[in-house]
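Undergrad: Just to be clear, the model below is a prediction. Sequence and coordinates:
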Amino acid sequence: MVAVRSVVLVLLCITVISPIVLYTDRLGNFKSPSANQEFIDEVAAVAHSTGDDGHLNLLPQETSTVLKEPIGVVYTEGSTDSKSSPQDLQLVESSEHVRARVLSTTNVVEQGKTENLIRKVTDRINKKIKADATGENVKGEAALEGNDTNASQNIVTKQEEQRTGTSNKVANSMHISSETHKPNDQTPSDTRVRQLKDQLVRAKVYLSLPAVKNNPHLTRELRLRVKEVSRTIGDAIKDSDLPKNANERMKAMEQSLMKGTQAQDDCAAVVKKLRAMIHSTEEQLRAHKKQTLFLTQLTAKTLPKGLHCLPLRLTTEYYSLNSSQQEFPNQEKLEDPELFHYAIFSDNILATAVVVNSTVSNAKHPSKHVIHIVTDRLNYAAMRMWFLANPPGRATIQVQNIEEFTWLNASYSPVLKQLGSPSMIDYYFRAHRDTSDSNLKFRNPKYLSILNHLRFYLPEIFPKLNKVLFLDDDIVVQKDLSGLWSIDLKGNVNGAVETCGESFHRFDRYLNFSNPLIAKNFDPRACGWAYGMNVFDLAEWKRQNITEVYHNWQKLNHDRQLWKLGTLPPGLITFWKRTFSLNRGWHILGLGYNPNVNQREIERSAVLHYNGNMKPWLEISIPKYRSYWSKYVNYDHLFLRECNINP
């Protein structure tokens, strides 16, 4: 009996004391770095052992149940995405389980030492994580799914750093796998359209190769696919424009192209054909650009039916009036130098009406403004009739006929002599036979009209005035312009807004600097300035004899070797070093050709200039700029309705 008790006591001692000794020995060796690493590895291995729920040797362990996958949305620390993939849910589950086991296993160790040890281990692992995250995301996902020891250490590291708040980058890296599965929001909307077009190109290349031509069945199949894909694309610009069977047609074409790839083995022939197609396409593009330029110029020169009807209707009405009804009031103000005088030279009645209406409606004192209009013989009666029927408020209006300027003749004006020469007329009217001329825009018949050159004869037209504000007929006034008369031009003749912000508004874009006469007298990089709104000091003009300067240069350019015809090049020459730069807020250009004019500058500018071919009264005008012009047109007017002129 005693022997039995002894055996029981020995077994009891072994059973009770042995675990304590073993556990104490492990704690004693915990200070060793190698032991630390082994301990972390064992903890991580236990954390990832999914099939073993048994006890850790004989140590007491808290009971735990298997964590179930959360239902719905799981929010983790540092996450900004409201949706998580199943892989994210598994990651959260395993990491929480690891943390619980680590805390329960190491609760007997001093807290400070444990955190230091884990931090040392995680610092080494963190470097590897950052290196892997830059280019090995796919490998990292595979490691997490493989449940290996390194992946377990990564999970422990990330969860510990999330808990202590020492690194947000590692926390965000937990969502790499879910982000890689998200759809790309920046996918182009025309991806399938471009793929179908590429297939068409490949099919056409194959159809031109001898190997495919010798295969009648494949040739018929490819031609059929080309027709199907061409009908599928149609006028589609975006993928949403394609029909529902687009994917089926794409797959069928791809299968046929695979047959073509197998049928031909001559890569050099394919390359040669592609190069020929590129060259042909470039030639077609060049031809289309030339044709577009010519048609645009032709449209700009063509008078719309409504604007052709309007002067006819107004002329008929004018000659039905008696002589007393054909006169304008306040004619005594026409030569008063104390008032604000404007000069407009135009044969476009509607455009001139907009200039007058916008100027007067924005003037602070309309009664002080006098507007002088000069037009040609064909539009003289119509222009007068329009302003007799639509007087500009309290402002004074004058309409003159250029034919009444008897002093303006070929013997006095060299440009008038040149414009009437047969060679000049042939230069303009044969333009339709030469669409390749790079300077086609200068071959506009409007330059044949002396109205376009009348701006160089302002002192002769207004001999008793000191200052005149010249306005083109393609502008809109948004603010009061009376302040321009108080600007000191500092001895200059012309006050204008410079346009040298871009390279094409420099002197070398308008003048021929290969000519020694031009190269000697002018700077090719000098700033150009804008015609359209110009303040002219007529007293200074007369003193410096500017008209004679203009005549001399016109005589030198009789063969058009110094500049192409127009008014800006001779203006740049005539007023060279005689132009005062006005504030840019007075005048903004480009509304007749540039769809990207700054909107804030448009709103702040006093004058909007529709220079270019896209005039606001034409159908080719830029739509977003048209409202600035059309708001000064009364489309309910009887004459406009009769001529079918609509907004």
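TA: Noted; the coordinates are in hand.

Undergrad: Okay, Thr295 and Pro616: tell me how far apart.
TA: Not Thr; residue 295 is Leu. 19 Å (CB to CB, to the nearest Å). C-beta coordinates here come from the backbone N, C-alpha and C atoms, glycine included.

Undergrad: Neighbour count: the two, which is higher?
TA: More crowded of Leu295 and Pro616, by other CB atoms under 10 Å: Pro616, with 23 against 12.

Undergrad: The more buried one - nearest residue in space that isn't next to it in sequence?
TA: In this structure, Pro616 finds its nearest non-sequential neighbour in Trp629, 3.7 Å apart by CB to CB, 6 or more residues apart in numbering.

Undergrad: any idea whether Gln398 is helix, strand or coil?
TA: Classification of Gln398 by DSSP: H, G, I helix; E, B strand; the rest coil places it in strand.

Undergrad: For Ala644, give me its contacts.
TA: Ala isn't right for residue 644; it's Asn. The neighbours of Asn644, taking CB atoms under 8 Å, 6 or more residues apart in numbering as the test, are 305-306, 309.

Undergrad: Likewise for Val201?
TA: Val201 neighbours (CB under 8 Å, 6+ apart): Met277.

Undergrad: In which helix or strand does it reside?
TA: Remark: Val201 resides in helix 191-207, with elements defined by DSSP states H and E.

Undergrad: ok, then the element right after that helix?
TA: Next along from helix 191-207, by DSSP H and E: helix 210-213.

Undergrad: ok, residues contacting that next one?
TA: With contacts defined as CB under 8 Å, 6+ apart, helix 210-213 is touched by 206-207, 218-219, 222, 260, 263-266, 269.

Undergrad: what do you get for stretch 252-270?
TA: With contact meaning CB under 8 Å, 6+ apart, stretch 252-270 is reached by 196, 199, 202-203, 205-206, 209-212, 215, 218, 221-222, 225, 228-229.

Undergrad: Buried ones among those?
TA: Neighbour-count burial (16 or more other CB atoms under 10 Å) applied to the contacts of stretch 252-270 gives 196, 199, 202-203, 205-206, 209, 212, 215, 218, 221-222, 225, 228-229.

Undergrad: Among the residues you listed, which one lies nearest to Asn634?
TA: Using CB to CB, the shortest approach to Asn634 within these belongs to Leu196, at 50.4 Å.

Undergrad: That closest one and Val229 touch, don't they?
TA: Yes. Counting by CB atoms under 8 Å, Leu196 does reach Val229; the two are 5.4 Å apart.

Undergrad: if I look at these two, which residues touch both of them?
TA: 249-250, 253.

Undergrad: Out of these, name the ones that lie in strands.
TA: Among the shared contacts of Leu196 and Val229, no residue falls in strands (DSSP state E).

Undergrad: Which ones among these map onto helices?
TA: Among the shared contacts of Leu196 and Val229, DSSP state H puts 249-250, 253 in helices.

Undergrad: So which of the residues you listed wins on neighbours?
TA: Among those, the one with the most neighbours (other CB under 10 Å) is Met253, at 24 neighbours.

Undergrad: Could you report the pLDDT at that one?
TA: On the pLDDT scale, Met253 is placed at 88.

Undergrad: next SSE after the helix or strand in which Gln255 is found?
TA: In the assignment (DSSP H and E), Gln255 maps to helix 246-263. Sequence-wise, the next helix or strand downstream of helix 246-263 (DSSP H and E) is helix 267-301.

Undergrad: For that following helix, give the mean pLDDT please.
TA: 76.

Undergrad: Next, the angle helix 191-207 makes with it.
TA: Here helix 267-301 points in a direction 120 degrees away from that of helix 191-207 (axes from the mean of the first three to the mean of the last three CA atoms, to 10 degrees).

Undergrad: Alpha carbons only: can I get whichever helix or strand comes after helix 267-301 in PDB?
TA: With elements assigned by DSSP H and E, the helix or strand that comes after helix 267-301 is helix 305-318. Output of helix 305-318 as PDB, limited to C-alpha atoms (Å, rounded to 0.1, in the frame of the first residue of the first chain):
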ATOM      1  CA  LYS A 305     -29.800  84.900 -97.900                       C
ATOM      2  CA  GLY A 306     -31.200  86.900 -95.000                       C
ATOM      3  CA  LEU A 307     -28.400  89.500 -95.100                       C
ATOM      4  CA  HIS A 308     -28.900  89.800 -98.800                       C
ATOM      5  CA  CYS A 309     -32.600  90.200 -98.500                       C
ATOM      6  CA  LEU A 310     -32.400  92.900 -95.700                       C
ATOM      7  CA  PRO A 311     -30.700  95.700 -97.800                       C
ATOM      8  CA  LEU A 312     -33.100  95.100-100.700                       C
ATOM      9  CA  ARG A 313     -36.100  95.300 -98.400                       C
ATOM     10  CA  LEU A 314     -34.700  98.500 -96.600                       C
ATOM     11  CA  THR A 315     -33.800 100.200 -99.900                       C
ATOM     12  CA  THR A 316     -37.300  99.800-101.200                       C
ATOM     13  CA  GLU A 317     -38.700 101.300 -98.000                       C
ATOM     14  CA  TYR A 318     -36.200 104.200 -98.100                       C
END
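
Undergrad: Residues in contact with helix 305-318: which ones?
TA: The contact list for helix 305-318, computed with CB under 8 Å, 6+ apart, reads 326, 348-350, 378-379, 381-386, 388-389, 617, 639-640, 642-645.

Undergrad: got the buried residues for it?
TA: For helix 305-318, burial by neighbour count (16+ other CB under 10 Å) applies to 307, 309-311, 313-315, 317-318.

Undergrad: ok, so of those residues, who is nearest Val497?
TA: Leu307 (28.6 Å).

Undergrad: so how far is Asp347 from the closest one?
TA: For Leu307 relative to Asp347 (CB to CB), the value is 10 Å.

Undergrad: again with Ala530
TA: 22 Å.

Undergrad: any idea whether Glu601 is helix, strand or coil?
TA: Relying on three-state DSSP, one would call Glu601 helix.

Undergrad: What is the neighbour count of the nearest residue to it once chain neighbours are set aside?
TA: Nearest residue to Glu601 in three dimensions, chain neighbours excluded: Ile588, at 5.5 Å (CB to CB, 6+ apart). Using other CB under 10 Å, Ile588 is surrounded by 25 other residues.

Undergrad: what's Ile588 sitting at in phi/psi?
TA: Backbone torsions of Ile588, given as degrees, to the nearest 10, read phi -120, psi 140.

Undergrad: cool, and the one 10 residues further on?
TA: Summarising the backbone geometry of Asn598 under the convention degrees, to the nearest 10, its torsions are phi -60, psi 130.

Undergrad: and if you look at Ile475?
TA: Taking degrees, to the nearest 10 as the convention, Ile475 sits at phi -120, psi 160.

Undergrad: Please report how far it lies from Val355.
TA: Between Ile475 and Val355 the distance is 6 Å, computed by CB to CB.

Undergrad: Also Phe513?
TA: Relative to Val355, and taking CB to CB, Phe513 is found at 35 Å.

Undergrad: and the two? which has more neighbours close in?
TA: Just comparing Phe513 and Val355: by other CB under 10 Å the higher neighbour count belongs to Val355, 25 against 16.
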